[in-house]
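Engineer: Predicted model follows, preceded by the sequence.
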Amino acid sequence: MNIAFCICQLRAQRLQTLSYEERLELWNLENEQFAELVIQPTLTYYQRYFERAPVQTEGGL
């Protein structure tokens, strides 16, 4: 099932009426969505434009 849809279903209920398990599921789904929408693209951008290549040494040890 779509993460956003599950979040909407849980948020449609009053947060005070959610069970502990439902609140935990909502929290986990929101964190997963945040990771997909913000963190993963940021890491991909960083890796593409800022991550350094391994240092090449001439001969050496």
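Structural biologist: Done, it's in. Residues are numbered from 1 along each chain as shown.
Engineer: Spatially central, which residue of this structure would that be?
Structural biologist: A35 (1.1 Å; C-alpha atoms, centre = their mean).
Engineer: what's the distance between that residue and A4?
Structural biologist: Shown here: A35 relative to A4, a distance of 14 Å by C-beta to C-beta, to the nearest Å. For every residue, glycine as well, the C-beta is placed using N, CA and C.
Engineer: again with N31
Structural biologist: From N31 to A4 the distance is 13 Å (C-beta to C-beta).
Engineer: shared neighbours of the two, anything?
Structural biologist: Counting by C-beta atoms under 8 Å, 6 or more residues apart in numbering, N31 and A4 have no contacts in common.
Engineer: neighbours of L29, just the number please.
Structural biologist: 19 (other C-beta atoms under 10 Å).
Engineer: Restrict whichever helix or strand it is part of to CA atoms and write it as PDB.
Structural biologist: Secondary structure assignment for L29, by DSSP states H and E: helix 20-34. What follows is helix 20-34, C-alpha atoms only, in PDB (Å, rounded to 0.1, in the frame of the first residue of the first chain):
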ATOM      1  CA  TYR A  20       0.000   2.900  20.700                       C
ATOM      2  CA  GLU A  21       0.600   0.600  17.800                       C
ATOM      3  CA  GLU A  22      -1.200   2.900  15.400                       C
ATOM      4  CA  ARG A  23       0.700   5.900  16.600                       C
ATOM      5  CA  LEU A  24       4.000   4.000  16.300                       C
ATOM      6  CA  GLU A  25       3.000   2.900  12.700                       C
ATOM      7  CA  LEU A  26       2.100   6.500  11.800                       C
ATOM      8  CA  TRP A  27       5.500   7.700  13.200                       C
ATOM      9  CA  ASN A  28       7.400   5.100  11.300                       C
ATOM     10  CA  LEU A  29       5.500   5.800   8.100                       C
ATOM     11  CA  GLU A  30       6.200   9.500   8.400                       C
ATOM     12  CA  ASN A  31       9.800   8.800   9.000                       C
ATOM     13  CA  GLU A  32      10.000   6.500   6.000                       C
ATOM     14  CA  GLN A  33       8.300   9.100   3.800                       C
ATOM     15  CA  PHE A  34      10.700  11.800   5.000                       C
END
